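Participant: Attaching a predicted model along with its sequence, questions to come.
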Amino acid sequence: MTLWYENDTPCIAAHEFPAALIDLACSRDLEPDRLLRGTGIFMADFLSASLIIKPVQCYALLRNIQRLMPASDTAFLAGHRLFPGNFGPASTALTQASHLLDALQTLENYSALLSPLLQPRLSLDSDFVYLYWQESCEASDQGAFLRDMLMTAITSLSRQLYQQSLPWEYFLPGELTHPEQYSVNWGPRVYSKRHITAMRLPRELATQNTPMATTSAATIAKRQCEVLFKDKPSEGFISHIDQRIRRSIPGHVSLESLAQALEVSPATLKRKLKKHHTHFQQRYDNVRKELAIEWLTRQELSVEDIAARLHFHDSRNLRRAFKRWTGVLPSALSASV
């Protein structure tokens, strides 16, 4: 069984994840031929519910959507349409979840289906549930659109489950391009320039029972998902690489050691990374940046401890690298993430 899918792997049912984008465009009377131009997708095939497309086709569709629907609310509108969606038993597992954390675990377990272009990663501590969003299949220029779409989808799903808005906090890496849209769709707790893409909710809220859940329906749906996806890749190539690096730290990580773990030659790994518009050093630095931020803000480790874990010669070298990654020194980070 292949552990990952690549940007040219046919693995996405057109009537599932892409449907939210296509339906939104059609609701705005956008001509299907214009929307699908250059994607290799045809409306008749989409409506047949049997078309399987590649991630690169999804990226082409996203580019068309952004070009033809340049309004600042497009990603948010698509996000509101995404879940529960047309995902078969996975949709049932989401809507019948016993609590929000249960739904988020379904999202993470079946991200190849529910979020094939952006990888959700759950992390819990005694107080909060964190949902991080990371590149899945390639380093794409549609990252911000996907982020806004998926984070809106989770916000909307949690509102459906509890029939009220939940006090999510949102952490974004750069400036807010359209502050009014974040305020309308996400609420007041949106924090920019945090160098990560994440959502956070108090754990006690995420584990409260949902009022309309049907335990038996959710259990059956999860078992159906297990059968359907037993022999299918569970994550995109970039996500798989990043998780390999993450699990290898604090051990030594190199292109050669990673290639050996994947049972390919270093040259083959280089080619695959290039095909996905990235390279080893970018992946390695990105994972180390994420870990450094988590350790600084959530565990409040010292810079010296983090430098040792990340294989820097001393804390000065870590500070220099951190400034290169984020534009700020570690001491400038807020402990609010």
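Facilitator: Looks like it arrived, so ask away.
Participant: contacting residues for residue 101?
Facilitator: Counting by Cβ atoms under 8 Å, 6 or more residues apart in numbering, residue 101 makes contact with 124, 129, 203, 206, 207. Glycine gets a C-beta too; all of them are placed from N, C-alpha and C.
Participant: so the first one makes contact with residue 132?
Facilitator: Meaning residue 124. No: judged on Cβ atoms under 8 Å, residue 124 makes no contact with residue 132 at a distance of 11.7 Å.
Participant: more crowded one of these two?
Facilitator: residue 132 (17 against 13; other Cβ atoms under 10 Å).
Participant: So in that sheet, which strands flank whichever strand or helix holds that one, and in what orientation?
Facilitator: Assigned by DSSP states H and E, residue 132 belongs to strand 128-135. Counting by DSSP bridges, the strands paired with strand 128-135 are strand 118-124 (antiparallel), strand 198-202 (antiparallel).
Participant: Tell me the first helix or strand C-terminal of that strand.
Facilitator: helix 143-162.
Participant: Give me the packing partners of that next one, helices and strands only.
Facilitator: Judged by 3 or more Cβ pairs under 8 Å, 6 or more residues apart in numbering; DSSP states H and E, the packing partners of helix 143-162 are helix 55-68, helix 74-82, helix 89-95, helix 100-109, strand 118-124, strand 128-135, helix 179-186, strand 198-202.
Participant: and those as TSV, adding distance to residue 305 and mean pLDDT?
Facilitator: As requested, those are exported to TSV (distance: least, Cβ to Cβ, whole Å; pLDDT from 0 to 100):
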stretch	distance to residue 305	mean pLDDT
helix 55-68	38	96
helix 74-82	38	97
helix 89-95	39	96
helix 100-109	28	97
strand 118-124	19	97
strand 128-135	21	97
helix 179-186	34	97
strand 198-202	22	98
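Participant: Out of these, the one nearest residue 166 is which?
Facilitator: Distance to residue 166, taken as Cβ to Cβ, is lowest for strand 198-202 among the helices and strands packed on helix 143-162, at 6.1 Å.
Participant: hmm, who's touching that closest one?
Facilitator: Against strand 198-202 from outside (Cβ under 8 Å, 6+ apart): 100, 127-133, 151, 154, 158, 166-171, 337.
Participant: Same question for it: list its buried residues.
Facilitator: Neighbour-count burial for strand 198-202 flags 198, 199, 200, 201 (criterion: 16 or more other Cβ atoms under 10 Å).
Participant: What of stretch 73-86?
Facilitator: Applying 16+ other Cβ under 10 Å to stretch 73-86 flags 73-85 as buried.
Participant: Next: stretch 270-285.
Facilitator: Neighbour-count burial for stretch 270-285 [16+ other Cβ under 10 Å]: 272, 273, 276, 278, 280, 283, 284.
Participant: show me what contacts the third one?
Facilitator: Read it as residue 276. 6, 7, 137, 138, 139, 237, 238.
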